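K.L.:
Got a predicted model here, sequence first, then my questions.
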Amino acid sequence: MKKTLIKNARIVTDGVTKEGDVYIEGDTIKEIAESISAKNADTIVIDIEGKYLLPGVIDDQVHFREPGLTHKATILTESAAAVAGGITTFMEMPNTSPQTTTIREWEKKMETAANDSHANYAFMFGGTNDNLEEILKVDTSRVPALKLFLGSSTGNMLVDDKEVLRKIFSKVKLRIALHCEDEATIKANFKEALDTYGDDIPMDQHPKIRSEEACYISSSGAVELARQTGARIHVFHLSTGKETSLFSNKKPIRDKKITAEVCIHHLWFSDKDYATKGKFIKWNPAVKTSKDRDELWQALLDDRIDVIATDHAPHTLEEKSNPYTSCPSGGPLVQHALPAMLQFVHDEKISIEKVVEKMCHNPALLFDIDKRGFIREGYKADLVVVDTNNPWTVTKENVLAKCGWSPFEGVTFKSRVMQTFVNGEQAYKNFKVSDHKSAQELFFKR
């Protein structure tokens, strides 16, 4: 059994930072103490010289595009980019081709990930207007959540039958993860923009087409239906300040039935950035105003928003070069999410302990993940070594996502992910992803 001793770490977990050593046997953290000596001659000793040691990031929302869209990305390429960014665990979305709306298609994804993934993996099951019977058959110890699109996005998995939606909310025991945008509002706004501009709609019209109203109508309706039915819902990628009023910080996350997430791009960018970034920050839901961004930050810091994720959703440069009406929404983010959040730590906007809470602890608690998300004895050794004083600049040459571009190109981050461990094995070090894969399937304590 492999034995690894990480020395002289600044360990961030459970709301505190403490200096100490971490001893790993196989895939498990065996001991955490102020000072640990190597147990025997075959122990690998890694002295990280006072750098931060974080739990591996758990990203609850990625689109790795396999099967069917592998010209954009694959589980192999995107999981490599993930571990390079300190993300040791991902939950992937069902809007692939074919969609993950049957047990068999879910099993196929699991088989691919078992062979190809560099990071621990789980796949959400997709809901449609007509697959409730299949949803009720899923193994809740292996599926993190049911994903529903209440507004159309890549893959067109729109659930728009209100009776079906009520049945799903009433009968499904899994947490239900939601993309909330009102389709009728978006269609009306889009028609108005098309009438005004034709096919070449300016990118800065995107937050007016996929508007605050479209988001709030959908998310408020979902929250109300959850209250009526008792469903456990998790609203993905909030993009407006108005929506934050729908969520509460009155209960600890374990006791919340209604939770919310914010993504990196809605914390970093605002509508002012369309002038320079344009198509590269076209996401659904749209990046909105700086006021919205400020209010999202406030809700994140006061715990109305529970999780920070990426919504990593790559498209090729060729696809992104199309005019507005045929330019797909989404972009790659897994490699740069943690460095971006650590930039905010440098700027004293958020503490490193709070970043770990929102990116590591809370996803584990929210989805009942077994023995991950914390640096604790008996937990899996998913760990990230971070140097918070090692600047580097994002360039096309160091982007690992298959699409080969990033909305962060040209940005210099002050913090660098130095090493990533997945189940006790070194998966990444200094811009190189290991050929050896040690990823495991996620299990959920339910």
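P.N.:
Yep, it's here.
K.L.:
hmm, who's touching the top helix by length along the chain?
P.N.:
Ranked by residue count, the top helix of the chain under DSSP state H comes out as helix 212-229. Contact partners of helix 212-229, identified using C-beta atoms under 8 Å, 6 or more residues apart in numbering, comprise 150-151, 165-166, 169-170, 176, 178, 180-182, 185-186, 189, 231-233, 235, 238-240, 242-243, 246-247, 257-258, 285, 288, 292. Heads up, the C-betas are built off the backbone N, CA and C, glycines and all.
K.L.:
hmm, 6 Å instead?
P.N.:
Helix 212-229 is contacted by residues 150, 169-170, 178, 180-182, 185-186, 233, 235, 239-240, 242-243, 246, 258, 285 when judged by C-beta atoms under 6 Å, 6 or more residues apart in numbering.
K.L.:
and if you look at stretch 381-394?
P.N.:
24, 27, 29, 48, 51-54, 56, 86, 88, 372, 406, 408-409, 411-412, 414-422, 424.
K.L.:
What's the PyMOL line that selects buried ones from those residues?
P.N.:
This is the PyMOL syntax for the buried subset of these, where burial follows 16 or more other C-beta atoms under 10 Å:
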select buried, resi 24+27+29+48+51+52+53+54+56+86+88+372+406+408+411+414+415+416+417+418+419+420+421+422+424
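K.L.:
Tell me which of the contacts of stretch 381-394 fall in helices.
P.N.:
Counting by DSSP H, no part of those is found in helices.
K.L.:
on that earlier part again, please list the members of the contacts of helix 212-229 that lie in helices.
P.N.:
F169, S170, T185, I186.
K.L.:
need the helices for the protein, in chain order.
P.N.:
So, for the chain - with DSSP H - the helices run 75-84, 103-116, 132-135, 162-171, 183-197, 206-209, 212-229, 264-268, 274-277, 290-301, 317-320, 337-346, 352-356, 362-366.
K.L.:
what about those helices, which gets the closest to A401?
P.N.:
A401 lies closest to helix 75-84 among the helices of the chain, at 4.7 Å (C-beta to C-beta).
K.L.:
Please report the number of neighbouring residues for N40.
P.N.:
N40: 6 surrounding residues under other C-beta atoms under 10 Å.
K.L.:
For it, which non-adjacent residue is closest in space?
P.N.:
Leaving aside its chain neighbours, N40 sits nearest to K3 (7.3 Å; criterion: C-beta to C-beta, 6 or more residues apart in numbering).
K.L.:
Relative to T28, how far out is that neighbour?
P.N.:
11 Å (C-beta to C-beta, to the nearest Å).
K.L.:
E441: neighbouring residues, count only.
P.N.:
E441: 13 surrounding residues under other C-beta under 10 Å.
K.L.:
For the nearest residue in space to it that is not next to it in sequence, grab the count of nearby residues.
P.N.:
Spatial nearest neighbour of E441, excluding adjacent residues (C-beta to C-beta, 6+ apart): Y121 at 6.4 Å. Neighbours of Y121 under the rule other C-beta under 10 Å: 25.
K.L.:
what pLDDT does Y121 get?
P.N.:
If you check Y121, the pLDDT there is 98.
K.L.:
That one and K437: what is the separation?
P.N.:
Separation of Y121 from K437 (C-beta to C-beta): 11 Å.
K.L.:
cool, I58 as well?
P.N.:
Computed as C-beta to C-beta, the I58 to K437 distance reads 18 Å.
K.L.:
out of those two, which sits in the more crowded spot?
P.N.:
Applying other C-beta under 10 Å to I58 and K437 shows that I58 carries more neighbours, namely 29 against 22.
K.L.:
For the spatially closest residue to P207 that is not a sequence neighbour, give me the pLDDT.
P.N.:
Distance criterion C-beta to C-beta, 6+ apart; nearest residue to P207, sequence neighbours excluded, is A286 at 4.0 Å. Listed pLDDT for A286 reads 98.
K.L.:
In contact with H265, which residues?
P.N.:
Contacts of H265 (C-beta under 6 Å, 6+ apart): W283.
K.L.:
That one and S351, how far apart?
P.N.:
The gap separating H265 from S351 is 21 Å, by C-beta to C-beta.
K.L.:
repeat for L158
P.N.:
For L158, the distance to S351 equals 39 Å [C-beta to C-beta].
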